[in-house]
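>>> Model the structure of this input:
(chains A, B and C)
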Amino acid sequence: MENVGIFTAAARLVERDLKVIFRHVSEAFNPLVFFVVVATLFPLATSPDAALLRDMAPGVVWVAALLSSTLALDSLFKADMDDGTMEQLALSPQPLAWLLLAKIVTHWVVSGLPLVLIAPLVARGFFLPTEAILPMMAALALGTPTLSLIGAVGAALTAGVRRGGALLSLLVLPLSLPTMIFGARATDLAGLGEDPSGPLYLLAALLFLTLSLAPLAAAAAIRISLD
Amino acid sequence: MWKAFVRWFHRMASPPHFYAAATRWTPWFFWSALIVIAICAYGGLVLAPADYQQGDGFRIIYAHVPSAWMSLFIYVNMAIAAAIGLIWRIKLAHAVAASCAPIGASFTFLALATGSIWGKPMWGTWWVWDARLTSELILLFLYIGYMALRSAMEEPSRADRASAVLAIVGVVNVPIIHYSVVWWNTLHQGPTVSKIGEPSITWEMLWPMLGMMVGFMLFFGAILLTRVRAEVLARERNAKWIEEVAVS
Amino acid sequence: MPLEYAPAHLESVLKRVCVRHAKGQVLQEQESIPRFSAHELELWRGDRCLFSNLAFAIGEGDCLHVTGPNGCGKTSLLRVLSGMSLAESGEVRWDGTRIERDRGTFNQAVFYVGHREGLKAHLSAVENLQFDLGIRRSYDQADIDAALERLAVTHCAKLPVRVLSAGQKRRVALARAVAARSRLWILDEPFTNLDVAGRDLISHLLDDHLSGGGLAVVAAHHDLPLRAGRRVPLEIS
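Predicted coordinates:
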């Protein structure tokens, strides 16, 4: 009987989480629908003028993506904390930070990746030029995992707090601002026909920084919440 | 030398020792702060020549820049105290971090208010969404988030440790946010004090500002020591040494 | 270290462990380091001191039976012993090493079953066990089937856990401990929600575990009927 390697363990956790999500697939769509709904609010609250919408497009897409990502955080750790499976993860022989990273990746694949794929539809609704679509998707593909990672730290900190949803947003939104700033800027530059690679590289740098630090912070926060 | 420092540090980590030391030091911090601020206020408001572009309106810089500096300085202090509390499990460090937050939030608010007051005669608006002021606003949100997390948790040790993690995560973000100032290249006058290269203002204008920063830091020291003493009294309310202190 | 059940002595086992001398130079042989021990544990909840100066030492075949009135800190103690909560001061040691020092080894050896079952409600018992074993050790499907059989829940093993009764959920939760073959079981009120037959079953399980050289820490209100193994009582007042 041997111990289990970390990659196998991570694979098993991903498998289990996906199984749980797919038993209630409809819930997984909520953040996506929220993304589209939030985006729709803007023209209805301002005006359908094409020039105005085109100017707003990068900002709207990114604000909606940020809000959707924050909403999706609710399903990241809460269920596991409530039914006691998070305790079991913390007590398993695998490093908790690694397991949490596996959870965050699964969560992003289900809530963030579809957003990246749907965003072009929303962007076209805001008359974003075609040449800007691909850079926008690249920026979102780099930015949404960062948002998930930062959000995971916030979710871990507020895991034991009753009605912690508003507190979670208050904690996560300021920390997510650099990502949103760079992402919106990249989309904006692409829309103006200029080179978006500066902000894209910055987004990538943020992603790698967060990827290496956030799981550790989240693991520390989960242990504190379990105490 | 190092051993002496370690010994001093361990002595300070004990609440009764810290309380006694803080009681002794507070008047020194307070009075030296008052003197330095008075001198620099005179230097800035009276002695320094009027700016050829902005006239006398620029003098608000003597409150704005030190406040902004303090807001960042205190956040870093808070994060360091929180980290010490988390890693070495020293309760007093958590008390220091908890006391720093409201002071830092106040300085941030002061920086925003003075920045806004500066903006009105300079750019005609009470608020501009330039990156420098905006990042001060984000810093205010970080402070508020920290205080909100603390108050959301009833168990004091959990509140201490969770907010410590938040402070450390926040402090990693602070340079990133600060960097976005440089990167954004906006309306706001570029950082007027740079350690590398020539400052863009003359010495007569500069020394009161640097002095004000020192004065504000001394003032922060006085206020922090007072708050930590109060925090220590609250946390240690059941301990025996409190009775002796209360009597004396 | 293989964890198959092997006959073990009921008296505390003399262990020969090589201990590195403080200066890191000399190897000494030390005898009878208890497998699981606590030293001067102190735990506070807010302003209240739950317990202080708590200590014990148990070895293979021993079951620490924690008793005390409601709210006295039994659950908190078990959480400290499992490494989930942090004590104010004091140490918990596994094989002489503090559990914080080598979490991997300790976590490999321990299995905690608390008040919450630790099962995903929408997955079946089999799927839950497959995951719990899958992150701990390499296993066969036969291991899972045997454990479920032992706990007499084979008939409902393929149903989602949320449709099971409270008693069945508890049995599934305990089936994981059996299947994982962990050395140290930490069970918080394992008899709740179980009928008489269930309680007998758990007692038998504990007996088998202890006589196979396992250790257990059990918090239980009432008596712990053990036929094998040594009961070490610990009352928190």
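>>> check contacts around the residue nearest the centre of chain B.
Closest residue to the average C-alpha location of chain B: B:Ile74 at 3.1 Å, with CA atoms, centre = their mean. Taking CB atoms under 8 Å, 6 or more residues apart in numbering or on different chains as the contact definition, B:Ile74 lies against B:100, B:103-104, B:107, B:220. C-betas here are computed from N, CA, C, even on glycine.
>>> among those, which are within reach of chain C?
The subset of the contacts of B:Ile74 within reach of chain C, counting by CB under 8 Å from any CB of the partner chain, is empty.
>>> Near chain C, which residues of chain B? Just list them.
Residues of chain B lying near chain C by CB under 8 Å from any CB: B:154-157, B:238.
>>> Among these, which lie within helices?
When DSSP state H defines the helices, the subset of the residues of chain B next to chain C inside them is B:156-157.
>>> among the residues of chain B next to chain C, which are within reach of chain A?
B:Ser157.
>>> buried stuff in stretch C:90-99?
Within stretch C:90-99, the residues that count as buried by 16 or more other CB atoms under 10 Å in any protein chain shown are C:90-95, C:99.
>>> so which two of those are the farthest from each other?
Using CB to CB, these span at most 17.5 Å, a distance reached by C:Gly90 and C:Asp95.
>>> Quick one: the helices in chain A, in order.
With helices called from DSSP H, chain A shows them at A:6-22, A:25-28, A:30-45, A:50-72, A:74-83, A:85-90, A:96-111, A:113-125, A:130-157, A:165-191, A:197-226.
>>> packing partners for the first one?
In other words, helix A:6-22. The elements that helix A:6-22 packs onto, with contact taken as 3 or more CB pairs under 8 Å, 6 or more residues apart in numbering or on different chains; DSSP states H and E, are helix A:25-28, helix A:96-111, helix C:125-134.
>>> any low-confidence regions in chain A?
Screening chain A residue by residue with the criterion pLDDT under 70, one finds the ranges A:1-2.
>>> cool, chain C as well?
Counting by pLDDT under 70, chain C shows low-confidence ranges at C:1-31.
>>> Recalculate using a threshold of 80.
In the predicted model, chain C carries pLDDT under 80 at residues C:1-32, C:46-47, C:71-72, C:222-223, C:225, C:228-229, C:236-237.
>>> In it, mark out all the helices, start to finish.
Counting by DSSP H, the segments of chain C that form helices are C:74-82, C:103-109, C:125-134, C:141-150, C:166-180, C:196-211.
>>> Could you name the helices and strands sitting against the last one?
Other elements packing on helix C:196-211 under the criterion 3+ CB pairs under 8 Å, 6+ apart are strand C:62-67, helix C:166-180, strand C:215-219.
>>> at 7 Å instead, please
In terms of contacts (3 or more CB pairs under 7 Å, 6 or more residues apart in numbering or on different chains; DSSP states H and E), helix C:196-211 is packed against helix C:166-180, strand C:215-219.
>>> is it true that A:Arg23 touches C:His122?
Yes. The pair A:Arg23 / C:His122 is scored as a contact, 4.3 Å apart, by CB atoms under 7 Å.
>>> more neighbours, the two?
In this comparison of A:Arg23 against C:His122, neighbours counted by other CB atoms under 10 Å in any protein chain shown, the higher total goes to C:His122 at 17 against 13.
>>> Ramachandran angles for that one?
The phi and psi torsions at C:His122 (degrees, to the nearest 10) take the values phi -90, psi -10.
>>> hang on, the earlier thing: quick one, which of the helices and strands packed on helix C:196-211 is nearest to chain B?
Closest approach to chain B among those (CB to the nearest CB): strand C:215-219, 21.1 Å.
>>> Describe which strands the closest one pairs with in its sheet and in which direction.
Applying DSSP bridges to the sheet, strand C:215-219 is found paired with strand C:62-67 (parallel), strand C:184-188 (parallel).
>>> Most tightly packed of the ones you listed?
Scoring the strands paired with strand C:215-219 by mean neighbour count under mean count of other CB atoms under 10 Å in any protein chain shown gives strand C:184-188 as the most buried, with a mean of 24.
>>> circling back: redo the helices of chain C as JSON lines? Include distance to A:Ser197 and mean neighbour count.
As requested, the helices of chain C are arranged in JSON lines below (distance: least, CB to CB, whole Å; neighbours: other CB atoms under 10 Å in any protein chain shown):
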{"stretch": "helix C:74-82", "distance to A:Ser197": "50", "mean neighbour count": "23"}
{"stretch": "helix C:103-109", "distance to A:Ser197": "42", "mean neighbour count": "19"}
{"stretch": "helix C:125-134", "distance to A:Ser197": "42", "mean neighbour count": "23"}
{"stretch": "helix C:141-150", "distance to A:Ser197": "51", "mean neighbour count": "17"}
{"stretch": "helix C:166-180", "distance to A:Ser197": "50", "mean neighbour count": "23"}
{"stretch": "helix C:196-211", "distance to A:Ser197": "61", "mean neighbour count": "17"}
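>>> you'd agree C:Leu151 is up against C:Leu174?
Yes. The pair C:Leu151 / C:Leu174 is scored as a contact, 6.0 Å apart, by CB under 7 Å.
>>> Quick check: the residue of chain B nearest chain C.
Nearest residue of chain B to chain C (CB to the nearest CB) works out as B:Glu155 at 6.1 Å.
>>> Enumerate every residue touching that residue.
Taking CB atoms under 7 Å, 6 or more residues apart in numbering or on different chains as the contact definition, B:Glu155 lies against C:Gly46.
>>> What does the pLDDT read for it?
Each residue has a pLDDT score; the one for B:Glu155 is 87.
>>> Tell me how many other residues crowd C:Ser165.
For C:Ser165, the neighbour count with other CB under 10 Å is 10.
>>> Once you drop chain neighbours, what's closest to the residue in chain C that chain B sits nearest to?
Distances between chain C and chain B by CB to the nearest CB are smallest at C:Gly46, namely 6.1 Å. By the measure of CB to CB, 6 or more residues apart in numbering or on different chains, the closest residue to C:Gly46 outside its immediate chain neighbours is B:Glu155, 6.1 Å from it.
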